[in-house]
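[1] only geometry, no sequence info:
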């Protein structure tokens, strides 16, 4: 039996100073199914040619890129896709579907990365922020020299225009920058299978995830 996967993976060291402009450590959620798949997804983001190019261009080093807990960041009106803490100290990104039965479309997740990287510069969702966010999205896509990639799922996600996104964010709290949606790397990661046992097991797993998040929130409030 293979040993359990560690909860984090550091970036490989190299001789070039450009190697420092990256996500230093990857951190999937170890209590969710198949953390190794989540780690592969995070690695795909870090290795993405477009993402690497943008981080080098703007000289951004993000110490931690972490998987976001889906159930604790979802309510009846919206879902949070990403969060930036302290202007780049840590970025969380939502990888899994709401039902925990697979992974979100890669291009959507990559746009979330562009959004969160823009929060390294601007905290508020104002005109300057959206201008930078749009520029980063275009630069990441332009600088991704790889071809032949495929989406991780066939799901589509509604992306509201900037005007509506600004309107939606006016009443939201901000702790370093969040990407809330009322909605080709070199490696393809296939979706994980649904948890064994069907809907009942999935509900148990989601309840456990919510319990873990509540414990984290309680610990942070001490």
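    Received it, and whenever you're ready, just let me know what you need. Quick caveat, the model's predicted, so the values are computed rather than measured.
[2] Tell me where this protein has helices.
    Using DSSP state H, the helices of the chain run over residues 35-47, 49-57, 106-118, 127-143, 162-169, 198-220.
[3] Where among those is average confidence lowest?
    Between the helices of the chain, the lowest average pLDDT goes to helix 162-169, which shows a mean of 37.
[4] My guess is residue 60 contacts residue 121. True?
    No. With contacts counted by C-beta atoms under 8 Å, residue 60 stays clear of residue 121, the gap being 9.3 Å. From N, CA and C alone the C-beta is placed, and that goes for glycine too.
[5] Now the common contact residues for the two.
    In the contact map built from C-beta atoms under 8 Å, 6 or more residues apart in numbering, no residue is linked to both residue 60 and residue 121.
[6] Spatially nearest residue to residue 65 (excluding sequence neighbours)?
    Setting aside the residues directly before and after it, residue 65 is nearest to residue 23 in space (C-beta to C-beta, 6 or more residues apart in numbering), at 3.7 Å.
[7] my guess is residue 100 contacts residue 67, does it?
    No. Using C-beta under 8 Å, residue 100 makes no contact with residue 67, being 12.0 Å away.
[8] Now the common contact residues for those two.
    Common contact partners of residue 100 and residue 67 (C-beta under 8 Å, 6+ apart): residue 32.
[9] higher neighbour count, those two?
    Using other C-beta atoms under 10 Å as the criterion, residue 100 and residue 67 rank with residue 67 on top: 22 against 19.
[10] Does that one touch residue 27 like I think?
    Yes. Residue 67 lies in contact with residue 27 (C-beta under 8 Å); the separation is 6.8 Å.
[11] Need the overlap of contacts for those two.
    What both residue 67 and residue 27 touch, as defined by C-beta under 8 Å, 6+ apart, is the set residue 42.
[12] Show me which parts of stretch 95-108 are buried, residue by residue.
    By 16 or more other C-beta atoms under 10 Å, the buried positions in stretch 95-108 come out as 95, 96, 97, 100, 102, 103, 104, 105, 106, 107, 108.
[13] would TSV of those with distance to residue 134 be doable?
    Output for the buried residues of stretch 95-108, formatted as TSV (distance: C-beta to C-beta, whole Å):
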residue	distance to residue 134
95	23
96	26
97	26
100	31
102	28
103	25
104	21
105	19
106	19
107	15
108	15
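[14] Considering those, which member attains the minimum pLDDT?
    Ranked by pLDDT, those bottom out at residue 100 (81).
[15] isn't residue 63 right next to residue 25, touching?
    Yes. Between residue 63 and residue 25 there is a contact under C-beta under 8 Å: 6.3 Å.
[16] Between the two, which has more neighbouring residues?
    Per other C-beta under 10 Å, whichever of residue 63 and residue 25 has more neighbours is residue 25, with 18 against 11.
[17] if I look at the more buried one, how far off is residue 104?
    22 Å (C-beta to C-beta, to the nearest Å).
[18] now for stretch 25-38, what's the gap between its first and last residues?
    13 Å (C-alpha to C-alpha, to the nearest Å).
[19] actually stretch 82-91, sorry about that
    This stretch, stretch 82-91, spans 7 Å end to end (C-alpha to C-alpha).
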